[in-house]
Each structure stands twice: as C-alpha cells, then as structure tokens.
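Enquirer: sequence and predicted structure are below.
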Amino acid sequence: MTAVRTRDAATDVVASEALPAPKGHVVAHLLRDRSALAGLGLVSLLGLGALLAPVLAPHDPNAVDVVRRFSPPSAEFPLGTDHLGRDVLSRLLHGGRLSIGATVVATAGISTIGVVLGLLAGYLVGAVDTVVSRIIEILLALPAYLLALAVTGVLGPGLVNLTIAITAVWWASYARLVRGFVLAETGRAYVEAARALGASGTRIAVRHVLPNILAPVVVLTTLDLGAVLLGLSSLSFLGLGVQPPTAEWGAMLSEGRVYLGPAPNMMLFPGAAIFVMVLGFNLVGDGLRDALDPRTRQGVARRPRRRLAARRPPPRGVVGADRNRDAPALDSP
C-alpha cells in the first residue's frame, strides 16, 4: 500500500513539472492586454444584456402592433419597430439569448468531441487512430456549411437541429489538433517516467497528457466562438434555424432584408450585434493566445526594463576643453 502511494505521488510530481504556465501569469497578461480587455467588455456587455433580457426588454418581443409598424427610433421604441410593429430592441435582447446560447452549446460540444476523439486517436495507435483519422480527413475535405445543410435537411429546421448539425461537422479540426499534440507529448520524458512507475494508460492520458494540451484547445475554442456564431446566424438567415415569430439574430436579418429600404434598422442592429460579438470573441481569443504562448511568456520575462536617465548639462569648461582637445594642433610660427 505504501509503494502504491509513493508511486502515485511520484507520477503526480512528474506531471506537475510539465504543466503549463501558472494561472496567475495568464490573468496578469490579460489584464495588461487592452485589446483582450476591450473584447471581454464587449462580450460581457452583450452577454449580460441577453441574460437579463426579460428585465431589460421594454416590450414583449412578439407583441404585434400594426399601427406602429416601421416606427423610427424614439423614447418608447429606442431602436424602432419592424414590419409588424414589434420592438426591435426587445427582439434583439431576446434573440441574443438564443444566438449566444446556441453558440456556447455548439462550441462546447465541438471541443468536447474533438478532444475526446483526438486523445483516443493520438494515444491508442492502431485501428482507432486509422478510423478516426479517415473520418477527420473526410470531414475536412468537404465544406462544413454544405454538410451542415445536409444534416439539417435530414433532421428538419429548428435551432436544436441546427446546433446538432454544426456540432456534428465542426469537430474535425479540433480532433486533428489534439491528435498531433498527443503524439508529440507521448514521447516526452514525463510520460515515459509515468509508464515506468506503473501508471495505467487511462491515468497517463487523462492526468498527465491532457492538461498539457489544453492551452491550444482553449485558444482555438475561444477563437472559434465567433466562427460558430457566424455559421449559426448564416444558416438561420436561410431559414434553417428558429421559426417565426421567435427572435434570433440570424432570423431577424432574414426578416429585415425584405424591408431594407423603409426600415434599415431591422437589419442594421442585428448585424451590428453579430459583428460586435464576433469581434469580442476574436479579441479575447488573441489575448489568450498571447498569454498562453511560451514564446510570448519568455519574451515578457526576458524583456529588460529601460529607465530613462535625466540628462544633466556638462559642467562649464568641459565642452570647450573637449573641443580644444579634439581640434588639430596648429604649428607655431
């Protein structure tokens, strides 16, 4: 029993020596990155607005008032009304709950499937690696949007089916990335030491290898949030997402394109919300990438701090003496 505890403690020490940078450094780097803070502010602002939509929305998002259709922005309707007299601000806030929520759920499912299959393919070489690699190659060879259209056509329109379709065809890039990192990590010294100490394959893969490959996965997941949001909004724009009268940013764009002339606010504000959200995700992802990159950490650690010394005027007579010393000697007559 004592030997088993000693062996587990030794494997924990081996794994701890190979763990990524501490969390404190990542947080400190993000706090110094103004772009990342700006992106986090944009994401937090829209996310809180969508989360508190029942409290912040001034009107019912589905309440129809034909008399006030195409009303311009006013105190009662801050962003105007649509072709059925519905408040655009209320529909924008409630639509954000579905758009952002579906994006987070789809991205979480994509990253989970990609990490699990990539870890299995990279660690369990042989038939498992061959099958998973062939599936990855097939999915990456075909356009993701066309595959999502096909899957949604089979399942039927709806936000749940659209989220399942996006998740089913988008995980291949994650699996390929994780497989490559796992193949590189399995040959390192700490993995060989854990095997020599008698650790099981599951323990090595989950306890030792997985924590060392999570940093690039987190960065890819954050950067991919914007792409998933664009994908969901694009397919909802085509009518494959939520169905009327439910509010969602892509569906609101589809409704507003017909009335772009009399009511440009119907397309302007949902498009601006998608743009700001994607921009925020990309800024946060870039900040995480810089914070988790070892080369960036080394550059920050080795960067010397320069102190500007105040220039003091030379004492009197020094300039003249130096000038006379450097001047050529004149022959006396």
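Expert: Yep, that arrived. Since this is a predicted model, take the numbers as computed values, not measurements.

Enquirer: check the offset of stretch 32-48 from the chain's centre.
Expert: Distance of stretch 32-48 from its chain centroid, counting by CA atoms, centre = their mean, to the nearest Å, is 12 Å.

Enquirer: tabulate the CA atom coordinates of it in PDB.
Expert: Only the C-alpha atoms of stretch 32-48 are listed here, as PDB (Å, rounded to 0.1, in the frame of the first residue of the first chain):
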ATOM      1  CA  ARG A  32      -2.200  44.200 -19.300                       C
ATOM      2  CA  ASP A  33      -3.700  43.500 -22.800                       C
ATOM      3  CA  ARG A  34      -6.000  46.300 -23.700                       C
ATOM      4  CA  SER A  35      -7.400  44.500 -26.700                       C
ATOM      5  CA  ALA A  36      -8.300  41.500 -24.700                       C
ATOM      6  CA  LEU A  37     -10.000  43.700 -22.000                       C
ATOM      7  CA  ALA A  38     -11.900  45.500 -24.700                       C
ATOM      8  CA  GLY A  39     -13.100  42.200 -26.200                       C
ATOM      9  CA  LEU A  40     -14.000  40.900 -22.800                       C
ATOM     10  CA  GLY A  41     -16.000  44.000 -22.200                       C
ATOM     11  CA  LEU A  42     -17.900  43.700 -25.500                       C
ATOM     12  CA  VAL A  43     -18.700  40.000 -24.800                       C
ATOM     13  CA  SER A  44     -19.800  40.700 -21.200                       C
ATOM     14  CA  LEU A  45     -22.000  43.600 -22.300                       C
ATOM     15  CA  LEU A  46     -23.900  41.700 -24.900                       C
ATOM     16  CA  GLY A  47     -23.900  38.600 -22.800                       C
ATOM     17  CA  LEU A  48     -25.400  40.300 -19.800                       C
END
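
Enquirer: could you give the average pLDDT over that stretch?
Expert: Across stretch 32-48, pLDDT averages out at 93.

Enquirer: do the same with stretch 141-149
Expert: Mean per-residue pLDDT for stretch 141-149: 91.

Enquirer: contacting residues around it?
Expert: Leu139, Leu162, Ala165, Ile166, Ala168, Val169, Trp170, Gly231, Ser234, Leu235, Leu238, Leu240 (CB atoms under 8 Å, 6 or more residues apart in numbering). The C-beta positions use only the backbone N, C-alpha and C, and glycine is treated the same way.

Enquirer: most neighbours among the residues you listed, which one?
Expert: Of the contacts of stretch 141-149, Ile166 is surrounded by the most neighbours, 28 neighbours in total, counting by other CB atoms under 10 Å.

Enquirer: now do the contacts for that one.
Expert: Ile166 is in contact with Ala106, Ile110, Ala148, Val228, Gly231, Leu232, Leu235, counting by CB under 8 Å, 6+ apart.

Enquirer: ok, 6 Å please
Expert: Applying CB atoms under 6 Å, 6 or more residues apart in numbering to Ile166 gives the contacts Ala106, Ala148, Gly231.

Enquirer: now do Ile113
Expert: Trp171.

Enquirer: quick check: buried residues in the host helix or strand of it?
Expert: Counting by DSSP states H and E, the element that carries Ile113 is helix 88-123. Of the residues in helix 88-123, 88-100, 102-103, 105-107, 109-111, 113-115, 117-123 count as buried by neighbour count, 16 or more other CB atoms under 10 Å.

Enquirer: centre of the chain to it, how far?
Expert: Per CA atoms, centre = their mean, the centroid offset for helix 88-123 relative to its chain is 11 Å.

Enquirer: with just CA atoms, put stretch 260-270 into PDB.
Expert: Extracted C-alpha coordinates of stretch 260-270, given in PDB (Å, rounded to 0.1, in the frame of the first residue of the first chain):
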ATOM      1  CA  LEU A 260     -34.100  47.300 -46.100                       C
ATOM      2  CA  GLY A 261     -35.400  50.400 -47.800                       C
ATOM      3  CA  PRO A 262     -38.300  51.500 -45.500                       C
ATOM      4  CA  ALA A 263     -36.800  50.100 -42.300                       C
ATOM      5  CA  PRO A 264     -33.000  49.700 -42.400                       C
ATOM      6  CA  ASN A 265     -32.900  49.400 -38.600                       C
ATOM      7  CA  MET A 266     -34.300  45.800 -39.000                       C
ATOM      8  CA  MET A 267     -31.000  44.700 -40.500                       C
ATOM      9  CA  LEU A 268     -28.600  47.200 -39.100                       C
ATOM     10  CA  PHE A 269     -28.900  46.400 -35.400                       C
ATOM     11  CA  PRO A 270     -28.900  42.600 -35.600                       C
END
